[in-house]
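In: Here is the input, now give the coordinates:
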Amino acid sequence: MTTRDIDESVNAELNRLRESIDNIDAAVVHMLAERFKCTQQVGHLKAAHHLPPADPAREGRQITRLRQLAESAHLDPAFAEKLLNFIVAEVIRHHERIAEESATNPEA
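Out: Below you'll find the predicted structure:
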């Protein structure tokens, strides 16, 4: 069965839901971009003050906080934790790169 074989009202509802999903996906991407702009600033601040790229205590607090938010939003907390771990790993990678660039070019 293809979408052409589906009743028109079902197909319209499917399209409406998919448009909502597309809008949400766009919002998620824009929110992540904003988040990474902030974490880039954190990376530069850490590099300027010779702080380590990772902060395991903060990461632990964030995981706890995000799991609680996920539970209250009826989202699987394990999924939320995996997503945050993925994002944090990317942030740390950026912070390490910023620290390396700062060490080789201290005037930047």
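In: quick one: the helices in the protein?
Out: Assigned by DSSP state H, the helices in the chain fall at 8-48, 56-72, 77-104.
In: Go through stretch 69-87 and flag the buried ones.
Out: Under the neighbour-count criterion of 16 or more other Cβ atoms under 10 Å, stretch 69-87 has 70, 77, 80-81, 84, 87 buried. Using the backbone N, CA and C atoms, a C-beta is placed for each residue, glycine as well.
In: circling back: which one of the helices of the chain is the most hemmed in?
Out: Greatest average neighbour count among those goes to helix 77-104 (a mean of 15), per mean count of other Cβ atoms under 10 Å.
In: tell me the angle of that helix relative to helix 8-48?
Out: Counting by axes from the mean of the first three to the mean of the last three Cα atoms, to 10 degrees, helix 77-104 points 40 degrees away from the direction of helix 8-48.
In: doesn't residue 59 make contact with residue 88?
Out: Yes. The pair residue 88 and residue 59 passes the contact test of Cβ atoms under 8 Å, sitting 5.6 Å apart.
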